[in-house]
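> build the 3D model from these lines:
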Amino acid sequence: MIKEEKIEKTRQKITKNMSFSEIINKNPEVIETLLNNGMHCIGCPMSQQETLEQGAIAHRLNIDELIKELNEKVEK
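Okay, the predicted model is just below:
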């Protein structure tokens with residue numbers, strides 16, 4: 001039970017200005033959602049610096065829809 005509480009504290013709402021590495025480190029459950037949206041860059045060295053918005057632009061994704069989908073996954 002303590003372990004679950006610790007995980008809950010590290011999760012945070014995802015924003016377009018967060019880097020991929022920050023998103024994945026704080027919310028690993030969204031990896032599948034990113035992959036399903038064609039964002040296979042989670043293992044790329046650029047993921048350390050590239051923001052979610054920059055990745056969405058590069059992959060021609062609607063950033064608002066992507067953020068909504070990722071945050072829905074975090075809230076589950």
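> could I get the contacting residues of residue 71?
Applying C-beta atoms under 8 Å, 6 or more residues apart in numbering to residue 71 gives the contacts 13-14. For glycine as for every other residue, the C-beta is placed from the backbone atoms N, C-alpha and C.
> now with 10 Å?
12-15, 27, 30 (C-beta atoms under 10 Å, 6 or more residues apart in numbering).
> got a quick PyMOL command for the buried subset of the residues you listed?
Those of those that count as buried under 16 or more other C-beta atoms under 10 Å are selected in PyMOL with:
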select buried, resi 14+27+30
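> max pairwise distance over the contacts of residue 71: which two?
Greatest spatial distance among those (C-beta to C-beta): 15 and 30, at 12.8 Å.
> shared neighbours of those two, which are they?
23, 70-71.
> nearest to residue 54, of the residues you listed?
Nearest member of those to residue 54, counting by C-beta to C-beta, is residue 23, at 12.4 Å.
> secondary structure element for the residue positioned nearest the centre of the chain, which one?
Per C-alpha atoms, centre = their mean, the C-alpha nearest to the average position across the chain is that of residue 23, at 4.1 Å. If you go by DSSP states H and E, residue 23 is part of helix 20-26.
> CA atoms only for that helix, dumped as CSV, please.
Presented in CSV, the C-alpha positions along helix 20-26 are these (Å, rounded to 0.1, in the frame of the first residue of the first chain):
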residue,chain,number,x,y,z
PHE,A,20,9.2,13.2,-23.2
SER,A,21,11.6,11.9,-20.6
GLU,A,22,9.8,13.9,-17.9
ILE,A,23,6.4,12.5,-18.9
ILE,A,24,7.6,8.9,-19.1
ASN,A,25,9.5,9.1,-15.8
LYS,A,26,6.5,10.6,-13.9
